[in-house]
Structure formats: structure tokens, C-alpha cells
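Trainee: Next comes the sequence, and after it the predicted model I'd like to discuss.
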Amino acid sequence: MWSSTKQVVNNEIIRRPIRKTVFIPLDPAGVSQSTYDISNIPFIPDEMIVRTITSLNATGGADGVFSVISDLTDWYIMTSISTLSGSTVIYNARFPINREIKGTYTFKFLDYLKQPATLSMWLTIQLEFIKY
């Protein structure tokens with residue numbers, strides 16, 4: 001089982017967290033949800049940080065702001081994205097996890113009325129899983 005790394009400095013134990021970064025490429029063009037398999041987290045993380053969101057409007061379609069929710073975060077909003085143009089947003093939103101991360105996760109896209117939205121863009125979400 002993975003645990004935090006330990007280092008002794010001046011007779012004090014310093015624990016360093018274990019981190020694993022995952023890049024999730026999503027191509028929601030023409031659909032209101034995408035799935036992605038995450039099977040490479042070898043520890044039970046205490047939290048997940050949404051580090052960055054990169055989006056690129058694939059077709060030049062209508063502009064708007066949309067929310068991304070996922071079963072990875074118990075359906076809480078992970079982020080909001082704009083279809084205005086290509087952009088990278090440094091987000092750093094933190095979510096408590098405290099469970100095994102293994103399997104296929106669903107990412108849904110909602111409009112401002114919280115209704116399923118069909119997007120015409122590509123997304124990459126950078127997640128960092130941390131065990132303290």
C-alpha cells in the first residue's frame with residue numbers, strides 16, 4: 001500500500017505527499033457527455049485538484065459558458081468553461097476524494113440552466129491526485 005514518503009530532518013519526521021497527475025482528453029463534439037478511464041492511481045487519494053482546463057472551439061460554433069460535472073467528484077461542478085475561443089485556465093479547485101480511483105468516469109456538460117449541453121470543442125483537464 002502506498003503511503004506518504006518520510007524524511008527525517010533534525011530528528012523530526014517530515015511527511016511528503018504522494019502525487020499523481022492525469023491529463024484527461026475529452027472530445028465532446030456533438031454529445032453532452034464523455035467518458036474516460038482512470039486506472040493508474042496506485043493509492044487512495046485524500047483529494048483531487050483540478051489544475052488546468054484547456055479548451056479549443058472545434059467548429060467556431062455559438063459562444064457560451066458551460067459547466068463540467070463528473071461522477072469523479074460526486075457530480076459536483078468541476079469547472080466552468082467558455083466556448084469563446086481556445087484557452088487554458090489555471091483552476092486549482094480542490095475536491096475531497098478518500099476512495100479508490102479506478103474505472104471509467106463520466107464527464108457531463110451543462111448549460112447555464114443546468115440542462116445537458118452539446119459542445120463543439122475539445123477539452124483537456126489536468127487532475128492531480130494527492131495522498132497526504
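Mentor: Arrived safely, thanks for sending. Numbering: from 1, shown residues only.

Trainee: Any stretches of the chain with poor pLDDT?
Mentor: For the chain, residues meeting the criterion pLDDT under 70 lie at 1-9, 28, 58-63, 84-86.

Trainee: quick one: the strands in it?
Mentor: Here the chain has its strands, by DSSP state E, at 5-9, 12-16, 18-26, 33-38, 47-57, 65-70, 77-82, 87-96, 103-110, 121-131.

Trainee: could these be laid out in CSV, adding mean neighbour count?
Mentor: No exception for glycine: its C-beta is placed from N, CA and C like everyone else's. Below are those laid out as CSV (neighbours: other Cβ atoms under 10 Å):
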stretch, mean neighbour count
strand 5-9, 9
strand 12-16, 9
strand 18-26, 15
strand 33-38, 15
strand 47-57, 18
strand 65-70, 20
strand 77-82, 17
strand 87-96, 13
strand 103-110, 16
strand 121-131, 19
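
Trainee: what about the closest residue in space to residue 108 that isn't next to it in sequence, distance to residue 130?
Mentor: Nearest non-adjacent residue to residue 108, counting by Cβ to Cβ, 6 or more residues apart in numbering: residue 33, 4.4 Å away. Per Cβ to Cβ, to the nearest Å, residue 33 is found 26 Å from residue 130.

Trainee: same deal with residue 79?
Mentor: 18 Å.

Trainee: again with residue 124
Mentor: 20 Å.

Trainee: May I have the distance across stretch 15-33, first residue to last?
Mentor: Using Cα to Cα, to the nearest Å, one end of stretch 15-33 lies 39 Å from the other.

Trainee: Residue 18 against residue 46, yeah?
Mentor: No. Checked against Cβ atoms under 8 Å, the pair residue 18 and residue 46 is beyond contact range at 9.7 Å.

Trainee: picking that back up, do you know how far the residue nearest to residue 108 is from residue 113?
Mentor: In this view, residue 33 and residue 113 are 17 Å apart by Cβ to Cβ.

Trainee: Could you do residue 35 as well?
Mentor: 24 Å.

Trainee: contacting residues around residue 24?
Mentor: Under the criterion of Cβ atoms under 8 Å, 6 or more residues apart in numbering, the neighbours of residue 24 are 36, 38, 107, 124, 125, 126, 127.
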